[in-house]
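Asks: got a predicted structure plus its sequence, pasted below:
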Amino acid sequence: MDVIGVEWRWSGQCTETGEPLLIGSGDKTPLPLSVVYRDHGPLIPLPARPSKAMFKDAISGDFARTVEAGYVESYEDWARRTAGAAP
């Protein structure tokens, strides 16, 4: 991925000099790696994409385990803790 979010993938091909040819997510014209760096900045590895299981866990976590772990507070405790907070 470049610095503005365009995803670049290796086309599986190289130039005559052995330089990798990359294809961007917008334009499908293969470009040499040096041109991508010059025109689009450094490439950043894509972060690992969350799995379906990770999404499910984040959305529908085990409420009982959350309570047991102490991550839930009563309304009264929340009100006391946030009473002096600025809006």
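Replies: Happy to help now that I have it.

Asks: for the nearest residue to V36 once chain neighbours are set aside, give the beta-bridge partners.
Replies: Leaving aside its sequence neighbours, V36 sits nearest to L22 (Cβ to Cβ, 6 or more residues apart in numbering; 5.2 Å). From N, CA and C alone the C-beta is placed, and that goes for glycine too. L22 has these beta-bridge partners by DSSP bridges: W10, L31.

Asks: which residues sit in contact with L22?
Replies: Counting by Cβ atoms under 8 Å, 6 or more residues apart in numbering, L22 touches 8-11, 30-33, 36.

Asks: quick check: it vs A83, distance?
Replies: Using Cβ to Cβ, to the nearest Å, one obtains 55 Å as the distance from L22 to A83.

Asks: how about P42?
Replies: Counting by Cβ to Cβ, the separation of P42 from A83 is 47 Å.

Asks: same check, this time on I23
Replies: For I23, the distance to A83 - Cβ to Cβ - is 56 Å.

Asks: which of those two has more neighbours?
Replies: I23 (18 against 7; other Cβ atoms under 10 Å).

Asks: I'd say that one and P32 touch.
Replies: No - I23 lies out of contact with P32 (Cβ atoms under 8 Å); the separation is 11.5 Å.

Asks: any residues touching stretch 77-87, and which ones?
Replies: Against stretch 77-87 from outside (Cβ under 8 Å, 6+ apart): E73.

Asks: domains in the protein, by residue range?
Replies: 8-40, 52-80 (automatic domain parsing).

Asks: can you tell me which of those is most buried?
Replies: The highest mean neighbour count among these, using mean count of other Cβ atoms under 10 Å, belongs to domain 8-40: a mean of 13.
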